[in-house]
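predicted model and sequence follow; I will ask about them next.
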Amino acid sequence: MNQKLDVGEIEALFGGERVFASDVARVWWDGATGQALLILKMEGRANKINARFGEGLAEAMEATRALSGLKGIVLASGHRDFCVGADLEMLYGSRDAAALYSQVRSLSALFRSIEQGVPVACALTGTALGGGYELALSCHYRAALDSPELQVGLPEVNLGVIPGSGGTQRLPRLIGIQGALENIAQAKILRASEAASAGMLDSLAPDVASLLEGCRGWLAKNPGRKQPWDSGDFVWPAPAPNSEEGRNIFMVGCAMLYQKTNGVFPAAEAAISVVQQGSSLQFDRALEVEARRFVQLAVSDQAKDMIRTFFFHRSAAERHEGLPTLAKGEDAGIRKVAILGAGMMGAGLAFLCASRGYEVVLKDITAPALEAGMAHVRTEAERVGKRKGAAAAAAILEKVTGTLENAPIAGTDLVIEAVIEDMKIKHRVTRELEPLLSPNAIWASNTSALPITALAEASAHPDRFVGLHFFSPVEKMPLLEIIHGDKTSENTLARSLAFCRSIKKLPILVNDGYGFYTSRVFASYLLEGVQMVAEGIDPVLVEWAARSAGMVVPPLQVFDEVSLRLGRHVLEQAAEYTGRGLPQATALLVALVDQHGRLGKVNGKGFYDYTQGSRGYKRTGIWTGLTELTATRQTAEVPALARRLLLAQCAEVARCFDEGILRQYRDAEVGAIFGIGFAPNTGGPLAWMDRQGIPALVAELEALAALHGERFVPATKLREMAAKGERFFD
Amino acid sequence: MSTAYLYDAVRSPRGRGKENGSLYVVRPIDLLSQSLKALEKRTSLPTNLVDDVVIGCVTQTGEQGACIARFAALQAGWDFSAPGVTVNRFCGSGLEAVNHAAAMVASGFHDLVVAGGVESMSRVKMGSDGGAIWEAETQWTVGGVPQGISADLLATLYGITREEVDQFALRSQQKAAAAMASGAFSRSVVPVIDGSGLPILEADEYPRADTTFEKLAGLKPAFEMMGTQFGLDALTRRRYPAVERIRHVHHAGNSSGIVDGAAAILVGSKEAGERLGLKPRAKIRAVALSGEEPLLMLTGPIPATRKALKKAGMSAADVDLYEVNEAFAAVPLAWARELGVPEEKINVNGGSIALGHPLGATGAMLLGTVLDALEDRNLSTGLVTLCIGGGMGIATLIERV
């Protein structure tokens, strides 16, 4: 019978007698010690907090408590993870505040009853996030496997909500307000070792046996143990929330949050408020304050939009849902990767591929460029070395060959071309090197804008020619935009996607056209920002408007980072390919570059002024001379500017549907959010358009088009949706 | 409506509001009851005729909690029939007390009211009364920054330079030193004494007559680190998005001093004064309150002054002397720019930068100061105005009779 149950390691180690089993949990009893083991194992692949979870856990607890002579409980999971939180399908669909409130309150009451009963030691053999970690917080002792894979945290604000099962009240009482605010408001996810040093785990164990022994030993030594906040002598970890220092922590916490998020993340703001409010209340009532705020946020549009994009779309993209795949058993056939161009991108890619086990050739045409690229690889490898040991670093470096020659490229299975954005040069490189590759090799261009179909004209095998558009810095940016050239084969796409998976990037798959999807939308944003400045709008307001819309980096700052010369080149190139441009904005860029030598951060003067610090140039503020180059100062309201910046992008996104660039809604959201820093608070451009209401959006775009030009003209896609009363998402 | 008259005004000297300040050993109730007693003595006040004792006090907690007005009057030995109320309009509390008293008298509801204020900043720390202003939730719903950052924002918005604020502060010190040397405060200041009658403090102890421009210029901006490193400057952008960077210019030397003190003023109707055989020193011409954007907060005196002038049918130029509370040097500088008042008319005996700002008492103290200054110069009209937390402002316009 035990075999049929697929008993896990921890159950086998515990032994004893099985006294309860359900679709949620089973309980083992060791009468000799008075200890029980409660294993959470919901039907399916994971423990997800939903209505059944609550009922099942309550039943199991009841059965356990009925055991005569019970002294303590070890709580563990029968799945790989302990529990990664709420069932998001359930949360996403929940619009009824009253129903959700009663659900949340009953779960909270269950957790409360767990911590007010016999001592419970939580043995984490896997990750505990959100509600999962809140359950762990309701236990009297938290031990975990010392594994780099095991994560702990309360990342709810990333989905537009706050912890709703006591996390905002237990964590500050456990580790103090400073740590709790950092973790909750910043949605931190910690590795087990980090969580232990933060006080969020009580101990770490090298293996399951010692984990279990540790928990059982703790229970034996702590009979009748209460939670600190339920003991009469509870003292807040310093500084207490109502002390002067505590008050300052809340004030600075608010400021730091606002500095980062500019008021667009109500959930993070609410997290600070709820921690503070609850800190002076009786514990059960503090839980009520938390639950009420959780529900208010959970039923909001923002939570739905963020859950859709950051969970559903993202995980569907991670699973490559609906994307070409290799036949079963088929291999991508990629062992050796050649990266052409050892700039920031090329060097980053070389490191990335090498650290995933590929044999890498990094090629450039000048020795200094190559050396700089190899130095970057070494620096990154050293960073790995610090975490995983010198052998790991050496293994990466061993894989990378830097070269100025063509010969080492022989036999390459995948070329990622990251040379200068010039069609002729790219064509020449393709013609020159393609013959050296292995028979079935893929040629990928990392161009950020040039049409793949046109680039493939230089290739003898356009079916094996694809666009792999990475984002800088490539070590950090998760997105990979895969471009389907007219002749790119399904198999090439499937192999490219397999490669994408192997280097852990998040794919979107789009059709070909100048700027594809992301560059095109990003350019519309950047250009709109410059256009506003050229029109005489205070550049300080333009930058702030972008931030207050939620855009991750304001437009003029982007220009300064990538250099105005490059920005200008891209604009001119775009005008050449698309026949569209903004002469006024382009003229401003040309004047900045040609007449004023303002190239951006690279020479310490761009749209911004800089001071030379120990770590390079540091922005001091918008260049005061800028307004002399622009039209007469115009007054403007921030909310209108913010909308204009978002609308310019949304108009472009919608055109990408008209022109068949975008193949599915998911890619529009994932590409914008993870590729170009589109306002994460919105959930993405489509979600944002839905929230405006498509008919109202069409009217607003038409009005803007009349004022500012055809770039705002609403796409057919939008007009049709408006006519049919459709939305992007239900 | 009839007219409210000011019959007399007294105040304590201002002591440094720290553990090394002379008045640190004095309970706030003692500070206030000594002012009340002094007023009683100087006006031979039959306290059974006092309709109310209205006292401004900001930090109403601890020793200053639980309606200190009533208990200070009782401790002063006043008739049980003289009640007491403690009011909090932040830094405007002392003047609010006077205006409230004046309103009750002018309306005819009361005949004789004692107004005043008290604040022992050395013993009851500013902010120790808590409040929603400290809560994160209020930050999200209303928004606010510590006053020093507001002051620096004000200076930035008005283009007021560090040199200007330091020069203003220097003149405040010089004017205060000259006023003290010439006995300009002697009519109002009553020494604080101990139980055996020994003086604890006889004159304002906060001013630094030896201050120089160089010394002031050498001080580090006090709110820069808080604003930039701790990110508090960023909170101002929700209302002032065009201010990319706040220029931090204020420091301890050009901001109001933290001090202890109390004040009391006798307000009454014409008839009440006649009955007591008292000669009024001035009458209240107008009072005003204002509310503006709470994050910048410090511009309140501008609309409050305009409102009071309008009520009195006067222009800014018609008023002989002004007391504009020097919460921060930028406040009177910005006010003067808006109202077009020359500096010779403003704070002629120095202000809170030199003398200190005992929160709940200051308004009442400034009213006494402007009255003394008008009499010394044989001028007629004076206006007192203060900026107030939460974006409020208050003003009182008086005329000698």
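Yep, it's here.

tell me where the stretch 201-350 of chain B has helices.
In the stretch 201-350 of chain B, the helices defined using DSSP state H, counting those that start in this stretch lie at B:213-217, B:224-228, B:270-276, B:301-312, B:330-339.

for these, which one sits closest to A:Leu287?
helix B:224-228 (33.9 Å; CB to CB). (Glycine included, C-beta is placed from N, CA and C.)

and the closest one, what does it pack against?
Taking 3 or more CB pairs under 8 Å, 6 or more residues apart in numbering or on different chains; DSSP states H and E as contact, the helices and strands that helix B:224-228 lies on are helix B:147-158.

mind putting the helices of the stretch 201-350 of chain B into JSON lines with mean neighbour count?
Shown next, in JSON lines, are those (neighbours: other CB atoms under 10 Å in any protein chain shown):
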{"stretch": "helix B:213-217", "mean neighbour count": "15"}
{"stretch": "helix B:224-228", "mean neighbour count": "18"}
{"stretch": "helix B:270-276", "mean neighbour count": "16"}
{"stretch": "helix B:301-312", "mean neighbour count": "21"}
{"stretch": "helix B:330-339", "mean neighbour count": "23"}
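
can you check which of those helices gets nearest to A:Thr586?
With CB to CB, the closest approach to A:Thr586 among those belongs to helix B:224-228: 35.5 Å.

list the contacts of that closest one.
The set of residues that contact helix B:224-228 without belonging to it, under CB atoms under 8 Å, 6 or more residues apart in numbering or on different chains, is B:146, B:148-149, B:152, B:232-233, B:246, B:248.

likewise for stretch B:308-316?
With contact meaning CB under 8 Å, 6+ apart, stretch B:308-316 is reached by B:285-288, B:305, B:318-319, B:339-341, B:381, B:383, B:385, B:395-397.

chain A: which of the contacts of helix B:224-228 is nearest?
Distances from the contacts of helix B:224-228 to chain A were compared by CB to the nearest CB; the smallest belongs to B:Leu232, at 4.5 Å.

so the nearest residue to the closest one once chain neighbours are set aside versus B:Gly231, what's the distance?
Beyond its immediate neighbours in the sequence, the residue positioned closest to B:Leu232 (CB to CB, 6 or more residues apart in numbering or on different chains) is A:Ala255, lying 4.5 Å away. As defined by CB to CB, to the nearest Å, A:Ala255 lies at a distance of 4 Å from B:Gly231.

same thing with B:Ser35?
The value you get for B:Ser35 to B:Gly231, if CB to CB is used, is 42 Å.

and what of B:Ala334?
The spacing between B:Ala334 and B:Gly231, counted by CB to CB, is 25 Å.

for A:Gly683, same thing?
According to CB to CB, A:Gly683 stands 26 Å off from B:Gly231.

cool, and A:Arg598?
Using CB to CB, we find A:Arg598 at a distance of 29 Å from B:Gly231.

which of the two has more neighbours?
Neighbours per residue (other CB atoms under 10 Å in any protein chain shown) separate A:Arg598 from B:Gly231, with A:Arg598 holding more: 25 against 19.

show me what contacts that one?
With contact set as CB under 8 Å, 6+ apart, A:Arg598 has these partners: A:564, A:592, A:605-607, A:623.

swap in 6 Å and give it another go.
Under the criterion of CB atoms under 6 Å, 6 or more residues apart in numbering or on different chains, the neighbours of A:Arg598 are A:592, A:605-606.

buried subset of the residues you listed as a PyMOL selection?
Applied in PyMOL, the following selects the buried portion of the contacts of A:Arg598 according to 16 or more other CB atoms under 10 Å in any protein chain shown:
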select buried, chain A and resi 592+605+606
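
need the residues of the stretch 601-730 of chain A near chain B, please.
Contact residues of the stretch 601-730 of chain A with respect to chain B, defined by CB under 6 Å from any CB of the partner chain, are listed as A:621, A:638.

and the strands in the stretch 601-730 of chain A?
Residue ranges of the strands in the stretch 601-730 of chain A, as given by DSSP state E, counting those that start in this stretch, are A:608-613, A:616-622.

can you check the stretch 301-401 of chain B too?
Taking DSSP E, counting those that start in this stretch as the criterion, the stretch 301-401 of chain B carries its strands at B:321-324, B:381-388, B:392-400.

what's the answer for the stretch 101-250 of chain B, then?
Taking DSSP E, counting those that start in this stretch to define them, one finds strands in the stretch 101-250 of chain B at B:112-120, B:192-193, B:199-201.
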